[in-house]
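Visitor: let's see this in three dimensions:
(4 chains)
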Number of protein chains: 2
Amino acid sequence: MLTLQSESHMLSKSCQYALRAVVYIAEESSTTQLVGAQQMAESLQIPKHFLSKILQQLSRNKLISSTKGPNGGFYLSRENEQVTIDRIIEVIDGPGLFTACVLGLPSCSSAHPCPLHEQAVGYRDGLYHKLKNLTIRELTLVTRLEKKESSTPK
Amino acid sequence: MLTLQSESHMLSKSCQYALRAVVYIAEESSTTQLVGAQQMAESLQIPKHFLSKILQQLSRNKLISSTKGPNGGFYLSRENEQVTIDRIIEVIDGPGLFTACVLGLPSCSSAHPCPLHEQAVGYRDGLYHKLKNLTIRELTLVTRLEKKESSTPK
DNA sequence: CAAATAAAAGATATTAAGGTCTTCTATACT
DNA sequence: AGTATAGAAGACCTTAATATCTTTTATTTG
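Guide: Numbers count the residues shown, from 1 in each chain, chains lettered A, B, ... in the order given. Alright, predicted model coming up:
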């Protein structure tokens, strides 16, 4: 474990940033009060310009909304709030995570499964199904609920 | 989806190679007939020297065995056959995949869950449990079974 | 013991992800 | 209209993963 080590993390850093940013936008912004990339980068401890790129990409793909100029920033439209988490992952990391073979075999499929196919697919499809039905808005509600619970004295 | 794209794959390429190699060794080698890195690289279509490094790392960590010299190569000892798949992933990619937060938050835990914690942990732990109880030997048996099934005429 | 073989080791190259900086453009407000 | 603000865009740099090449060491076999 000296030289070789990838620290595989399932989602790329870009994608992790994207998800954290979207949650932040959902929580901190409203149609009257937008949230800037600057502020977001500081609060989330993400390099500003790198975050900007990610936000732009999400914006271009209509997953979040933005306005330029003074008091500009990012926010979620009604439509954006219904965007599901799998879409964000798909836009940033591509569809590979939920479709590609765990062993990277192009020929692997349910008809010609690799040795790990069955083990992996169950896990993957389950998560995919949840994420496909989990909207940005719902995700923040979950968070608020969890926060409330964890602040309850035991 | 133009410039930014990570093609996240859950397991690093090194790790995918490692798993494919281990399966290959389990299937093709015996205590009398070892399998060389050369042959393995050709059969599995993996860069030879890169594969060698991975095999060395597995060998150093006692997950596979090797002997040098003519007719040398890699094989699985009795102990190696009982090695579980999670160990291979751990040695190559580190323990992160099964412990780190999906969003990359260091503070995330079941006590202080991130918004995706519950969604991710259930499936992750499920897969981990399976891999932790799946030995190299068992994995090849699964493969053989699947091959047999897929060769059965419908 | 010499020659051949094959893994081990390590230096080096390539590529892609991650991160930074500068310039440009749209918008709001005076 | 002019100026300040903040996102958009793109060039550029750094680091880590991936890949290649060369040398060394251990082992077998004649």
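Visitor: when you work out contacts or count neighbours from here on, use the C-alpha atoms and nothing else.
Guide: OK.
Visitor: how about whichever residue of chain A sits closest to chain B: what's its closest non-neighbour residue?
Guide: Nearest residue of chain A to chain B: A:Met10, at 4.0 Å (CA to the nearest CA). In this structure, A:Met10 finds its nearest non-sequential neighbour in B:Met10, 4.0 Å apart by CA to CA, 6 or more residues apart in numbering or on different chains.
Visitor: ok, and what's touching stretch A:97-104?
Guide: With contacts defined as CA atoms under 8 Å, 6 or more residues apart in numbering or on different chains, stretch A:97-104 is touched by A:10, A:106, A:108-109, A:114, A:116-117, A:120, A:124-125, A:128, B:7-11, B:13, B:16-17, B:19-20.
Visitor: and what of stretch A:40-50?
Guide: A:Tyr17, A:Arg20, A:Ala21, A:Tyr24, A:Ala37, A:Gln38, A:Leu51.
Visitor: is DNA strand C within reach of the helix or strand harbouring A:Ala26?
Guide: Assigned by DSSP states H and E, A:Ala26 belongs to helix A:13-28. Yes - counting by CA under 7 Å from any atom of the strand, DNA strand C has neighbours in helix A:13-28: A:Lys13, A:Ser14.
Visitor: try stretch A:100-112
Guide: No - Stretch A:100-112 lies out of reach of DNA strand C by CA under 7 Å from any atom of the strand, never closer than 14.0 Å.
Visitor: how about that stretch: buried residues?
Guide: A:Ala100, A:Cys101, A:Val102, A:Leu103, A:Gly104, A:Cys108 (16 or more other CA atoms under 10 Å in any protein chain shown).
Visitor: and which of those residues is nearest to B:Leu58?
Guide: Among the buried residues of stretch A:100-112, A:Leu103 lies closest to B:Leu58 (CA to CA), at 16.9 Å.
Visitor: quick one: that closest one from DNA strand D, how far?
Guide: 12 Å (CA to the nearest atom of the strand, to the nearest Å).
Visitor: quick check: that residue is in a helix.
Guide: No - going by DSSP: H, G, I helix; E, B strand; the rest coil, the assignment for A:Leu103 is coil, not a helix.
Visitor: and the pLDDT for it?
Guide: With respect to pLDDT, A:Leu103 has a value of 85.
Visitor: just A:Ser6 next, same as before
Guide: pLDDT at A:Ser6 comes out at 60.
Visitor: how many neighbours does the residue of chain A closest to chain B have?
Guide: Per other CA atoms under 10 Å in any protein chain shown, the neighbour tally for A:Met10 reads 23.
Visitor: next one: A:Ala18
Guide: Neighbour count of A:Ala18, defined by other CA under 10 Å: 24.
Visitor: hmm, it is touching A:Gln56, no?
Guide: No - the criterion here is CA atoms under 8 Å, and A:Ala18 misses it with A:Gln56 at 10.4 Å.
Visitor: my guess is A:Lys132 meets A:Val83, correct?
Guide: No - the criterion here is CA under 8 Å, and A:Lys132 misses it with A:Val83 at 9.2 Å.
Visitor: neighbour-wise, which of the two wins?
Guide: A:Val83 (22 against 14).
Visitor: quick check, the residue of chain A closest to chain B in a strand?
Guide: No - A:Met10 is assigned coil when assessed by three-state DSSP, not a strand.
Visitor: what count of nearby residues applies to the residue in chain A that DNA strand D sits nearest to?
Guide: Closest contact between chain A and DNA strand D, by CA to the nearest atom of the strand, is at A:Gly36 (2.8 Å). Here the count is done by other CA under 10 Å, and A:Gly36 has 20 residues near it.
Visitor: quick one: residues contacting it.
Guide: Contact partners of A:Gly36, counting by CA under 8 Å, 6+ apart, are A:Gly72, A:Gly73, A:Phe74.
Visitor: tell me which of those is nearest to DNA strand C?
Guide: Nearest to DNA strand C out of the contacts of A:Gly36 is A:Gly72 (CA to the nearest atom of the strand; 6.6 Å).
Visitor: count of neighbours near the closest one?
Guide: A:Gly72: 14 surrounding residues under other CA under 10 Å.
Visitor: how about the nearest residue to it, chain neighbours excluded?
Guide: Counting by CA to CA, 6+ apart, A:Gly72 lies nearest to A:Leu34, which is 6.3 Å off, once chain neighbours are set aside.
Visitor: gap between the one you found and A:Ser65?
Guide: Going from A:Leu34 to A:Ser65 by CA to CA, to the nearest Å gives 10 Å.
Visitor: now do the shared contacts for the two.
Guide: A:Phe74, A:Tyr75.
Visitor: just the pLDDT at the residue nearest the centre of chain A, thanks.
Guide: Nearest to the mean C-alpha position of chain A, counting by CA atoms, centre = their mean, stands A:Leu19 at 3.0 Å. At A:Leu19, the pLDDT value in this model is 95.
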